[in-house]
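Engineer: 3D model of this:
(2 chains)
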2 protein chains.
Amino acid sequence: MSTLRAPNPDHQVPEGFQYFPPPLEPAEPGERRTPAEEARTLLAHSVVGTLGSLSEDGTPWASMVVFGTLADGAPVLYVSTLAEHGRNLERDQRGSLSVAAPVGDAPDPLQVGRVTLAGVWEKPTGEREEQAREAAYAAMPYGRTYAKLGDFSLWVLNVQRVRWVGGYGIMGSDDAAAYKTAEIDPTAPNAAHAIEHLNEDHADALLQIAQKLAGYPDATAATTTSIDRYGMDLSIDTPRGKAPARVGFAERATEADGLRMATVELAKRARQADA
Amino acid sequence: MSTLRAPNPDHQVPEGFQYFPPPLEPAEPGERRTPAEEARTLLAHSVVGTLGSLSEDGTPWASMVVFGTLADGAPVLYVSTLAEHGRNLERDQRGSLSVAAPVGDAPDPLQVGRVTLAGVWEKPTGEREEQAREAAYAAMPYGRTYAKLGDFSLWVLNVQRVRWVGGYGIMGSDDAAAYKTAEIDPTAPNAAHAIEHLNEDHADALLQIAQKLAGYPDATAATTTSIDRYGMDLSIDTPRGKAPARVGFAERATEADGLRMATVELAKRARQADA
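Structural biologist: You can find the predicted model right below:
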């Protein structure tokens, strides 16, 4: 089930409007990944996105692309002038790349993380051109074949701005420097499995975490909806309705397999609070 | 396995370059869905796309959206000015919407069909506003909740141009009139199942179709990669390499369950050609 997140003060919220039941006790949600960390992590595990380019008549043109990613997070395109977006980039290099986590069977696609990187597309030279070419080949099954044709060009986005949306009222921006230096979350490849495992086999622990650490002593059930190196997001059932909450780990996970130890610590802490 | 499609004359193809083994006998590929039909069919079965809008600094801004669709194919957005793209639309209504078929486990995402609709976003009024509101609610689990907030606006794209890409060298454009009047392919909801069934249970029939109707008498195996009301696309193994081919049905299917009869006819025709 999807749930609306914390009210955002920017919304024009009418009096009496309530998104979801608030916590009954103070809780410490802990750290979150920054927008730059979200973006670096998402790009590290994606090859399909949507390019924003400028068409000849000034229309902002959205079109599907396959992209590679350089070590500093810069996305790489290898596109033909046969494609409208290829012709657009030759004319005007301003652009953006939108990348979304797979929607899959999510009950609400608007709760899926997505990012837009905006900047200027540049034709790489020297060593960077070689790196870009390898990144493109790694992402595109027929990349090496395109190289035999005369109408394909390599482009690298000089990222100037990052915008991340993580769900209802969860969003943020970062600049170029933050994006370049942000770390890819090493636990990301194991997140889906951890979520499945926790929800299937550890419902009791999740409920205790919701009651003792997330501020919902009246919780009757809880599932985790996402997990990362800093903590987890919960969807909590209460007699007052369904509520989302965030719970932080004691320490951020630094290894790919760090989620297990972090969640065990969290469950232990909830159990001890119960005693 | 993915295969490159027919050489496109617009590519700057060097002498001696060959995409794939050509047919050895003349074959009749039959009709294809038009770009407008592809777009109408894709939108009829999608709610997630990417908006192209213009940011304040002139950057073309690509960002994930959930959309509804009106009876004439016009896409509907219901977005907040809290989102950058919501603010963009208030400032400049030129825009586009990119929608792609699910990539899923496709070995090559660039062989997946995708479409860009370009035009001008308009705030609907009167009866069209009501229709747009219902279309938005149908696509967005929390649509009715947004209506209680003051910062959400309905937008309908006045589609002026349609660009479709169906794979390597398979692409085309259509205008507004073609888009409005194009039919949604009624067989689309059954295509995935038909492909699975044919590939799993009718390898012999597919091979015969490849040998007798698709122009590849030296075929050693064949699978279908897509199917629609007009015919099917094959990926054919030959001693000369892998080749893609298109085979048309005797008549276009007019009902949702029309694929079965159409493919049975095709298999029969291939069998008789064999006799």
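
Engineer: From now on I want contacts and neighbour counts done on CA atoms only, so please keep to that.
Structural biologist: OK.

Engineer: is it true that A:T41 touches A:P189?
Structural biologist: No. Look at A:T41 against A:P189 with Cα atoms under 8 Å: they stay out of range, at 9.7 Å.

Engineer: Number of residues surrounding A:A27?
Structural biologist: Neighbour count for A:A27, taken as other Cα atoms under 10 Å in any protein chain shown: 17.

Engineer: Give me the more crowded residue out of A:T41 and A:P189.
Structural biologist: A direct count of neighbours by other Cα under 10 Å for A:T41 and A:P189 places A:T41 higher, at 21 against 14.

Engineer: Now do the strands in chain A.
Structural biologist: A:48-54, A:60-66, A:68-69, A:75-80, A:94-100, A:114-122, A:152-167, A:170-175, A:221-228, A:231-238, A:241-248 (DSSP state E).

Engineer: The first one - what's its average pLDDT?
Structural biologist: So the one you mean is strand A:48-54. Per-residue pLDDT values over strand A:48-54 give a mean of 98.

Engineer: now it: how far from the chain's centre is it?
Structural biologist: Centroid separation between strand A:48-54 and its chain, computed with Cα atoms, centre = their mean, to the nearest Å, is 17 Å.

Engineer: Not counting its neighbours along the chain, what's nearest A:A222?
Structural biologist: Leaving aside its sequence neighbours, A:A222 sits nearest to A:I236 (Cα to Cα, 6 or more residues apart in numbering or on different chains; 4.4 Å).

Engineer: residues contacting A:G241?
Structural biologist: Taking Cα atoms under 8 Å, 6 or more residues apart in numbering or on different chains as the criterion, A:G241 is in contact with A:F20, A:P21.

Engineer: From A:P22, how far out is it?
Structural biologist: Shown here: A:G241 relative to A:P22, a distance of 10 Å by Cα to Cα, to the nearest Å.

Engineer: same check, this time on A:E129
Structural biologist: With Cα to Cα as the criterion, A:E129 and A:P22 are 52 Å apart.

Engineer: who in the stretch 51-200 of chain A is up against chain B?
Structural biologist: A:51-54, A:58-66, A:82, A:94-100, A:108-110, A:114-116, A:118-119, A:140-141, A:148-151 (Cα under 8 Å from any Cα of the partner chain).

Engineer: and with 6 Å instead?
Structural biologist: Residues of the stretch 51-200 of chain A lying close to chain B (Cα under 6 Å from any Cα of the partner chain) are A:52-54, A:59-63, A:94-96, A:98, A:149-151.

Engineer: low-confidence ranges in chain A?
Structural biologist: Residues of chain A that meet the criterion pLDDT under 70 lie in A:1-18, A:274-275.

Engineer: Out of the residues of the stretch 51-200 of chain A next to chain B, which comes closest to A:R229?
Structural biologist: A:S98 (23.4 Å; Cα to Cα).

Engineer: Okay, and the beta partners of the residue nearest to A:A222?
Structural biologist: Counting by DSSP bridges, A:I236 is bridged to A:A222, A:A243.

Engineer: Count the residues that sit near it.
Structural biologist: For A:I236, using other Cα under 10 Å, the count is 26.

Engineer: and what of A:D218?
Structural biologist: 17.

Engineer: Chain neighbours aside, what residue packs nearest to it?
Structural biologist: A:T238 (5.9 Å).

Engineer: Also A:Q208?
Structural biologist: Counting by Cα to Cα, 6+ apart, the residue nearest A:Q208 is A:A270, at 5.8 Å.

Engineer: Look at that neighbour and say how many residues are nearby.
Structural biologist: A:A270, neighbours per other Cα under 10 Å, totals 21.

Engineer: Just list the residues touching it, thanks.
Structural biologist: Shown in contact with A:A270 (Cα atoms under 6 Å, 6 or more residues apart in numbering or on different chains): A:Q208, A:I209, A:K212.

Engineer: any idea how far the second one is from A:P244?
Structural biologist: Computed with Cα to Cα, the distance linking A:I209 and A:P244 is 13 Å.

Engineer: Same check on A:A44?
Structural biologist: Noted for A:A44: a distance of 27 Å to A:P244, by Cα to Cα.

Engineer: Settle it for me: which of those two has more neighbours?
Structural biologist: A:P244 (24 against 18).

Engineer: and the more buried one, what does it touch?
Structural biologist: A:L234, A:S235, A:I236.

Engineer: Quick check: nearest residue in space to it, chain neighbours excluded?
Structural biologist: A:S235 (4.6 Å).

Engineer: Equivalent analysis for A:L110, please.
Structural biologist: A:G167 (5.9 Å).

Engineer: wait, what's in contact with A:L51?
Structural biologist: A:A62, A:S63, A:S96, A:L97.

Engineer: Select from the residues you listed the one having the most neighbours.
Structural biologist: Going by other Cα under 10 Å, A:A62 tops the contacts of A:L51 with 36 neighbours.

Engineer: Specify the beta-bridge partners of that residue.
Structural biologist: Here A:A62, judged by DSSP bridges, has bridge partners A:G52.

Engineer: right, and it touches A:G52 too?
Structural biologist: Yes. Taking contacts as Cα atoms under 6 Å, A:A62 lies within contact range of A:G52: 4.7 Å.

Engineer: So for those two, which residues contact both of them?
Structural biologist: What both A:A62 and A:G52 touch, as defined by Cα under 6 Å, 6+ apart, is the set B:G52.

Engineer: For the residue of the stretch 101-250 of chain A found nearest chain B, grab the count of nearby residues.
Structural biologist: Nearest to chain B in the stretch 101-250 of chain A, going by Cα to the nearest Cα, is A:G150, at a distance of 4.9 Å. For A:G150, the count of nearby residues is 13 (other Cα under 10 Å).

Engineer: what's the answer for A:T263, then?
Structural biologist: Counted with other Cα under 10 Å, the neighbours of A:T263 add up to 22.

Engineer: Grab the nearest non-local neighbour of it.
Structural biologist: A:F249 (7.3 Å).

Engineer: what sits against that neighbour?
Structural biologist: Applying Cα under 6 Å, 6+ apart, the residues near A:F249 are A:Y230, A:G231, A:A262.

Engineer: In PyMOL, select just the buried ones from those residues.
Structural biologist: To isolate the buried members of the contacts of A:F249 in PyMOL, using 16 or more other Cα atoms under 10 Å in any protein chain shown:
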select buried, chain A and resi 230+231+262
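
Engineer: May I see the contacts of A:F249 arranged in TSV, with distance to chain B as well?
Structural biologist: Below are the contacts of A:F249 laid out as TSV (distance: Cα to the nearest Cα, whole Å):
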residue	distance to chain B
A:Y230	25
A:G231	25
A:A262	31
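
Engineer: out of the contacts of A:F249, which one sits closest to A:A219?
Structural biologist: A:G231 (19.0 Å).

Engineer: Wait, that closest one touches A:R246, no?
Structural biologist: No. The criterion here is Cα under 6 Å, and A:G231 misses it with A:R246 at 7.3 Å.

Engineer: Give me the longest helix you can find in chain A.
Structural biologist: Longest helix in chain A, counting residues (DSSP state H): helix A:259-274.

Engineer: How many neighbouring residues does A:T145 have?
Structural biologist: There are 14 residues near A:T145, going by other Cα under 10 Å.

Engineer: does A:V159 have beta-bridge partners, and which?
Structural biologist: The partner residues for A:V159, given DSSP bridges, come to A:G119.

Engineer: cool, and A:S96?
Structural biologist: Beta bridges link A:S96 to A:G52, A:A118, judged by DSSP bridges.

Engineer: Next one: it from A:G143, what distance?
Structural biologist: 22 Å.

Engineer: Kindly report the same for A:G58.
Structural biologist: From A:G58 to A:G143 the distance is 30 Å (Cα to Cα).
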